[in-house]
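[1] my questions concern the predicted model and sequence given below.
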Amino acid sequence: MPDELMGMDLGINLLIVDDNSPDGTGEIADRLAEEFSQIRVEHRESKQGLGTAYRHGFEIALGMGADCVFEMDADFSHSPQYIPEFLSAIKEHDVVHGSRYVKGGGTRNWGPMRKIISKGGSFYTRALTGLKIKDVTGGFRCFRAEVLRQIDFSRIKASGYGFQVELAYVCSIMGFDIYELPIIFVDRRVGESKMSMGIVFEAVRLVAGLRRKYRDITKG
């Protein structure tokens, strides 16, 4: 994916956060950083979870002076071809979510159980939190830098995919304008999914307590 991103000539920088991956991801990323000056690699000594990787990445990106910050999977589940649409939409909105569940969006190569878990998770979250977003668990997003600067990430403790849910909820209750951009999510072209029942249960517990946890925040 880095080769494709760099070839799009969009004036973007790529930050790769590697949690000491045993599959050689860090070494590959280092070689790419040597080839492309726009690529930076952050190595962490151990696996600390998806949420902490995102928090670390956001902090670094803001320190680099980014105007907007993307998060996306690097296995082509999130197609880089959508990035120009994100960049256009972020001019009019505070946050842009790549959405599988709005008109024009969808999934490809998913089995029935995965569809049930994903759609059920979004329905469960909306029911308990009042969120209007149709796809609350997706990880293809773009944020204006000023949005990320206003969020107290020390309060977002989820380490797994619950991080996506909690961040979406915080953005919503803080009054940021969230736009759902339709995307087609394609099952992983490379690598293996990190989804586990432990991650699912973490997200279920987290959602149940979100309103109480953030009852001190009102829309600004």
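    Cool, the structure landed. Owing to the predicted nature of the structure, the values given are computational and were not obtained by experimental measurement.
[2] which ones are touching the most centrally placed residue in the chain?
    Among the residues of the chain, the smallest C-alpha distance to the mean C-alpha position (C-alpha atoms, centre = their mean) belongs to Gly139, namely 3.1 Å. The neighbours of Gly139, taking C-beta atoms under 8 Å, 6 or more residues apart in numbering as the test, are Glu71, Met72, Asp73, His78, Tyr161, Gln164. Just so you know, the C-beta spots here come from the backbone N, C-alpha and C atoms, and that holds for glycine as well.
[3] could you redo the last one with a cut-off of 10 Å?
    Gly139 makes contact with 50, 54, 71-73, 77-78, 97-98, 161, 163-164, 167, 185 under the criterion C-beta atoms under 10 Å, 6 or more residues apart in numbering.
[4] and it, that one's in a strand?
    No: the assignment for Gly139 is coil, going by DSSP: H, G, I helix; E, B strand; the rest coil, so no strand is present there.
[5] give me the buried entries from the contacts of Gly139.
    Of the members of the contacts of Gly139, the ones counted as buried by neighbours, 16 or more other C-beta atoms under 10 Å, are 50, 54, 71-72, 77-78, 97-98, 161, 163-164, 167, 185.
[6] in strands only, show me those.
    In strands, defined here by DSSP state E, the members of those are Glu71, His97, Gly98, Phe185.
[7] what's the closest of those to Leu210?
    Distance to Leu210, by C-beta to C-beta, is smallest for His97 among these, at 17.1 Å.
[8] show me what that closest one is bridged to.
    With DSSP bridges as the criterion, the beta-bridge partners of His97 are Arg141, Glu180.
[9] doesn't Asp135 make contact with it?
    Yes: in this structure, His97 sits in contact with Asp135. The criterion is C-beta atoms under 10 Å, and the distance is 6.4 Å.
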